[in-house]
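Asks: build me a model from this:
(3 chains)
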Amino acid sequence: MNKNNISDLMRRFSVPLMFVLICAVCAPVSGLSPSYLANEIVTRMGRNAFLILSLLIPIMAGMGLNFSMTLGAMAGEIGLILVCDWQIVGIPGMILAMIISVPISALLGLFCGKVLNMAKGREMITSYIISFFINGIYQLVVLYMMGPIIPIKHTSIKLPRGYGIRNTVSLLSMRQKLDNLIPLTIAGIKIPVATFIVVFFLCLVIVWFRKTKLGQDMRAVGQDMEVARDAGIDVERTRIISMVLSTVFAGIGMIIYLQNMGNIATYSSHSQIGMFCIAALLVGGASVDKASIGNVFLGIILFHTMFIVAPKAGTVITGDSMIGEYFRVFVSYAVITVALIMYETNKRRDKSKAGKQLALEQEAANE
Amino acid sequence: MSEKTQENSLKGRIQGFVKTFGLPRLIITGFLILLLIVAPFVGADLPTQISNIINRFSWNGILVLAMVPMVHSGCGLNFGLPLGIISGLLGATMSIEFGFTGSMSFFMAALLATPFALVFGSVYGWLLNKIKGGEMMIATYVGFSSVSLMCMMWLLLPYHSPNMVWGMAGKGLRTTISLEGYYTQALANILQINIGNLSIPTGAILFFAILAFAMWAFLHTKTGTAMTAVGSNPDFARSAGINVDRIRLISVVMSTWLAAIGILVYEQGFGFIQLYMAPFYMALPAVSAILIGGATVNKATITNVIVGTILFQGIVTMTPTVMNNMIHLDMSEVIRIIVSNGMILYALTRKTEGTK
Amino acid sequence: MENAPLLEMRNIKKDFFGNQVLTDINLTLKPGEVVGLVGENGAGKSTLMKILFGADVIRETGGYGGDILINGQKVNFQSPFDAIAAGIGMVHQEFSLIPGFTATENILLNREDKKRSVLSYLFSDRLDTLDRKKMNENAAEAIKKMGVNIDQDMKINSMPVGHRQFTEIARELSKEQLKLLILDEPTAVLTEKEAEALLESIRGMSKRGIAVIFITHRLNEILAVCDKVVTMRDGYVVNESPAGETNVKEITQWMVGKSIGDDVSSQAREEKDLNRKTILSVKKLWVDMPGETVRNVDLDVQEGEILGIGGLAGQGKLGIPNGIMGLYQAGGEVTFAGESIPLNSPRKCLDSSFAFVSEDRRGVGLLLDESLEWNISFPAMQIQNKYLKNYLGGIIKWRDEAAIKEVTDKYIDELKIKCQSSKQKAKELSGGNQQKVCLAKAFALEPRLLFVSEPTRGIDVGAKALVLDALKKFNREKKVTIVMVSSELEELRQTCDRIAIVSGGKVAGILPAGEDREKFGELMLKNC
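Replies: Here you go, the predicted model:
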């Protein structure tokens, strides 16, 4: 039993351990100074934490990794674009952008939840395709409707042809306004205190949420839909709520993310964000059906350390800067692949384990 | 009275037709027909348009055909198509590296790609057998991982042919490699028919026809029958003594090999080899094409492949020209994204697990 | 109406698509009364309980006839939730528990104690926080009521099976309004000690005024704890007696029915050559088939006979053919005509000319989405290379559509399969005709040994006779040995030469088909 526990533990933490090793090898090779590294990681923690936390709720509800968190990201971008055009700057601008993004996210989350209810058992591939589908709609809105239908005044964000949004929208007026709201520098490391407070607040909300009736229902639905239904829980509705919440949080997270970056890459910011967030969460030791707040932070530290040091280390080792770039992309995908495979094989292994035990019992009885 | 019943039955028949054909498919077909009708009026040259569609069909047909075996064996839609494409790219680059030129280079590329496709396909099939039920998501990410791994490999593998590597560094493959002097139009030029603006790449279409016929024939053999049965009801197949895992493995290897050949045919039409991130999203158009053609997650025929490829490529080629000529607004890319992903989404939300 | 009984069921009738399964059932229960409900599988016990519990399946199949009164008030439950609200609780055979939740969380599933908070006033009461302390208290109280101690903080998936059962019972007991508890074979998964504790717990409930309907095959338990025994057979209540005035032997007789004039079938059967050699010998077989576990079975089948395997559901009779044919994990020795047959390999069995008609017609037996031609020809094509044309010296094995059509038409004719054409899809046929397709599939293999599992389950009377006749004819004309598994004893007695009864995963005994019904009944309950 004890041995089993240790091997189980090893299995669970094999991915984080592997990353500790990668980082331990690459960090010295890269030649980056520890203070630079620390600074970068703290910045990225503030930038990404909110987004990654938004993934926790669907995992709790048994819907797996929410590949359609990009929906929320798109809603956040729409909010920011509009606020930019209205020239509302600083923190008020951010708050207004959030307010605009929430109903859009909620609507998209509702759509996503409904579709996923029709595709039970293949939520992940469906949510993944949804993100592409909605990306098409997003482009339709941003590229063609903004201008003629949704009024956009300022030429600085409009394409020269007169409608549609430019490839990059500068957020100079909001750049790191939240991060620098409460300035604090410890040992040369700039700490985005206000952002951390917001993230901390979301952590509290998630902790509190787990204790609510709705949270309990979500856990029940996540583990066994049929039993939950028999007990009178409205399974479909609960699943939709979890998608809506996740999408809304992702929208707000995206706004925090972009205020740190300082500009929006209108047509590509959101497309990779889902993948990197999911990879980071998995690196932190989460699995498709189990994730905690601890996984989020551990994941950010490990994944982003790798992300920072890999290109440099790659350049030092091979003399080609692209190798490291590709390496980190490969690692992100590989981590997700491995996590998905482990999840599926574990499901099967549990089943065959039960069979083996029965066989053993009977062998014993036969003797 | 009789008129009324007739009307009813007609209505019923239309409804039945819509049901079997699927509403989205109907809309897409209608849209394409509309485009074809509108085209001459807005000043687009119809023969050019049609030869465009036929050309694109000849490039993409085999990639779509590659979906068929895995759908038949119940592995679902092959989102892992990039893995096969990579085998094809390895064959293509090696053929050039070894100095083959002209049509010979196409033949050698296919030959060299085959062992890679077989090995990659076997490993991929073995993996998919371990995770029955979760194939599609994992297939997607196996495809992504392999593409990003190959991104590093294209830089690191010892290629030297000056036509392929970066001029300055002298190593590392370029992102786009021209096939001029190699196998560009290698198939299309065979027996090509040109009537005015209409040109038909007979060779490439024949090549597709041969492979499609081979696939059709395979599905009529003993093993092909077993493959369909495995997809239809794996428990039935197992109780009839079929080694389900072996049949699934065969289907994955077939699909991977077809993808490898498919990308070579695509390149000979397109005229370039595209490396690095290019294979990344190649699975999605192929998947949606076969779905538009009427396939479901676990049923697909050769007709689905042909109809689907024509419809999909028709929309992709016709929309930009017609739209540009009409309202000087190119929304084709957006329409392509919405249509193709909408189609996949539609197929995923159907209850197609087979009646049980 | 102070002395109205707690529950009264009057003239309950139920049919499934014209198939009468319950006729004029009357049942009354006083508060605190414990009633034992016994009967063979298919006697109608579970249907009766489903009616009482307002199960969806009853309403979907056209409702029921008769009245149900609770405390003298007529009720008509639209869903199980109505039944629960009226004070009826039911513990099913399959657990309805969340595996990763603790006992407490499961006991109070969707009935958790909650605390209001500001946010829940603002939005919805689903944002109330859980009151863990109160939940623990309530769960502890329910467990105390039950009288069997279980760890309320332990997660279900690390609990022994018995404790899961008790968690379910505690969940019902935690409901304030509970007046009547239905226990459907609760002791099947319990150890002897746990079963003893459960009986004690039932006595405790009874003292507290909760009436219990106790369904079990273990008659001793019924006698030990019940006030009244109700025996059902073929949809009728055949007997109702106080538990103190009866015994196991009597109840068994009521269950299987009297043996007057029902030996016609065995007499009518022609006498076969009795001096036959063993063709299939099974030794120490164990099979891990969920719900039908087989333990240590020894069985000999004689050449040319029809051997029946009977027994109650869940006792393991289905596991025997499924295990031998390699569909579920199995161990032991199987020899056929002197040759050892490896287990866990369907292919090897089929190569040794076995064939199997599965009880899971739609799941295993058929390719529902394919044509009849495919269904009938597929195994013979794959195993014996029939219906194939060879080209290029056998490298290409082409499907011979004409031969396939020929054989399909032959069986459509022979077995009178009702269909539009041989191209019709299997899912479009009725149950009986689907079963015939399954038989045709097996016949096309021309086996030497045929396993048939529940051949008449879920098909109408006319089709039943046709199927059984076809089996008998196949046995007689082709000299094929048949092993037939069925839960209907009468059907086995009509068709078979000898009948083995399986109970508790073991062969309890083998009797000639002409033997008295009681003898079979005793064997059925032997190891329960």
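
Asks: what residue ranges in the chain score low on pLDDT?
Replies: Here I'm looking at chain A. A:1-5, A:350-367 (pLDDT under 70).

Asks: oops, chain C please
Replies: For chain C, the ranges with pLDDT under 70 are C:1-3, C:258-275, C:528.

Asks: okay, now the domains of it?
Replies: Here the domain assignment for chain C is C:7-87+C:177-262, C:278-524, based on automatic domain parsing.

Asks: what about the shortest one, distance to the chain center?
Replies: How far domain C:7-87+C:177-262 lies from its chain's middle: 17 Å, per C-alpha atoms, centre = their mean, to the nearest Å.

Asks: what about that domain and chain A, touching?
Replies: Yes: residues of domain C:7-87+C:177-262 contacting chain A under C-beta under 8 Å from any C-beta of the partner chain: C:Pro80, C:Phe81. No exception for glycine: its C-beta is placed from N, CA and C like everyone else's.

Asks: nearest spatial neighbour of B:Ala295, skipping sequence neighbours?
Replies: Residue nearest to B:Ala295 in three dimensions, not counting chain neighbours: B:Asn304, with 4.2 Å by C-beta to C-beta, 6 or more residues apart in numbering or on different chains.

Asks: repeat for A:Met225
Replies: Of all residues not flanking A:Met225 in the chain, A:Val235 sits nearest, at 5.2 Å (C-beta to C-beta, 6+ apart).

Asks: what do you get for C:Leu219?
Replies: Take C:Leu219 and drop its neighbours on the chain: the residue closest to it by C-beta to C-beta, 6+ apart is C:Val248, 4.6 Å away.

Asks: let me see the contact set for the one you found.
Replies: Each residue near C:Val248 by C-beta atoms under 8 Å, 6 or more residues apart in numbering or on different chains is listed here: C:Leu219, C:Asn220, C:Leu223, C:Leu525.

Asks: 7 Å instead?
Replies: C:Leu219, C:Asn220, C:Leu223 (C-beta atoms under 7 Å, 6 or more residues apart in numbering or on different chains).

Asks: looking at those residues, which is nearest chain B?
Replies: C:Leu219 (36.9 Å; C-beta to the nearest C-beta).

Asks: the closest one against C:Leu525, yeah?
Replies: Yes: contact criterion C-beta atoms under 7 Å: C:Leu219 and C:Leu525 qualify, at 6.3 Å.

Asks: neighbour count winner among these two?
Replies: C:Leu525 (25 against 21; other C-beta atoms under 10 Å in any protein chain shown).

Asks: from the chain's centroid, how far away is stretch B:115-128?
Replies: Taking C-alpha atoms, centre = their mean, one finds the center of stretch B:115-128 at 19 Å from the center of the full chain.

Asks: residues in contact with that stretch?
Replies: B:75, B:80, B:83-84, B:87, B:90-91, B:135, B:139, B:142, B:248-249, B:252-253, B:256-257, B:260.

Asks: hmm, B:Ile86 is touching B:Met150, no?
Replies: Yes: contact between B:Ile86 and B:Met150 holds when scored by C-beta under 7 Å: they sit 5.3 Å apart.

Asks: picking that back up, among the domains of chain C, which is the most enclosed?
Replies: Among these, domain C:278-524 has the highest mean neighbour count (mean count of other C-beta atoms under 10 Å in any protein chain shown), at a mean of 20.

Asks: tell me where chain A has strands.
Replies: Remark: strands assigned in chain A by DSSP state E are A:168-170, A:185-186, A:189-190, A:263-265.

Asks: then the stretch 51-200 of chain B?
Replies: With DSSP state E, counting those that start in this stretch as the criterion, the stretch 51-200 of chain B has strands at B:176-178, B:193-195, B:198-200.

Asks: and the helix or strand hosting C:Ile482, how far out from the chain's middle?
Replies: Using DSSP states H and E, C:Ile482 falls within strand C:481-485. Distance of strand C:481-485 from the chain centroid (C-alpha atoms, centre = their mean) equals 19 Å.

Asks: can you check stretch A:90-108 too?
Replies: Distance, centroid of stretch A:90-108 to centroid of chain: 18 Å (C-alpha atoms, centre = their mean).

Asks: give me the buried positions along that stretch.
Replies: Judged by neighbour count (16 or more other C-beta atoms under 10 Å in any protein chain shown), stretch A:90-108 contains these buried residues: A:Gly93, A:Met94, A:Leu96, A:Ala97, A:Met98, A:Ile100, A:Ser101, A:Val102, A:Ile104, A:Ser105, A:Ala106, A:Leu108.

Asks: which residues are contacting it?
Replies: Contacts of stretch A:90-108 (C-beta under 7 Å, 6+ apart): A:71-72, A:75-76, A:78-80, A:82-83, A:88, A:134, A:173-174, A:177-178, A:181, A:244, A:247-248, A:250-252, A:255, A:259.

Asks: so C:Ser281: helix, strand or coil?
Replies: Classification of C:Ser281 using DSSP: H, G, I helix; E, B strand; the rest coil returns strand.

Asks: nearest residue to it other than its sequence neighbours?
Replies: Of all residues not flanking C:Ser281 in the chain, C:Thr335 sits nearest, at 4.7 Å (C-beta to C-beta, 6+ apart).

Asks: which SS class is the one you found?
Replies: C:Thr335 is classified as strand under three-state DSSP.

Asks: get me the contact residues on the stretch 201-350 of chain A for chain C.
Replies: A:211-214, A:216, A:220, A:223-224, A:227, A:230-233 (C-beta under 7 Å from any C-beta of the partner chain).

Asks: low-confidence ranges in the stretch 251-356 of chain B?
Replies: Within the stretch 251-356 of chain B, the stretches with pLDDT under 70 are B:328-329, B:351-356.

Asks: so which elements touch the strand holding C:Ile482?
Replies: Identification of packing neighbours for strand C:481-485 by 3 or more C-beta pairs under 7 Å, 6 or more residues apart in numbering or on different chains; DSSP states H and E yields strand C:306-310, helix C:319-324, strand C:449-453, helix C:461-478.

Asks: what strands flank it, and is each parallel or antiparallel?
Replies: Counting by DSSP bridges, the strands paired with strand C:481-485 are strand C:306-310 (parallel), strand C:449-453 (parallel).

Asks: what angle sits between that strand and helix C:461-478?
Replies: 150 degrees (axes from the mean of the first three to the mean of the last three C-alpha atoms, to 10 degrees).
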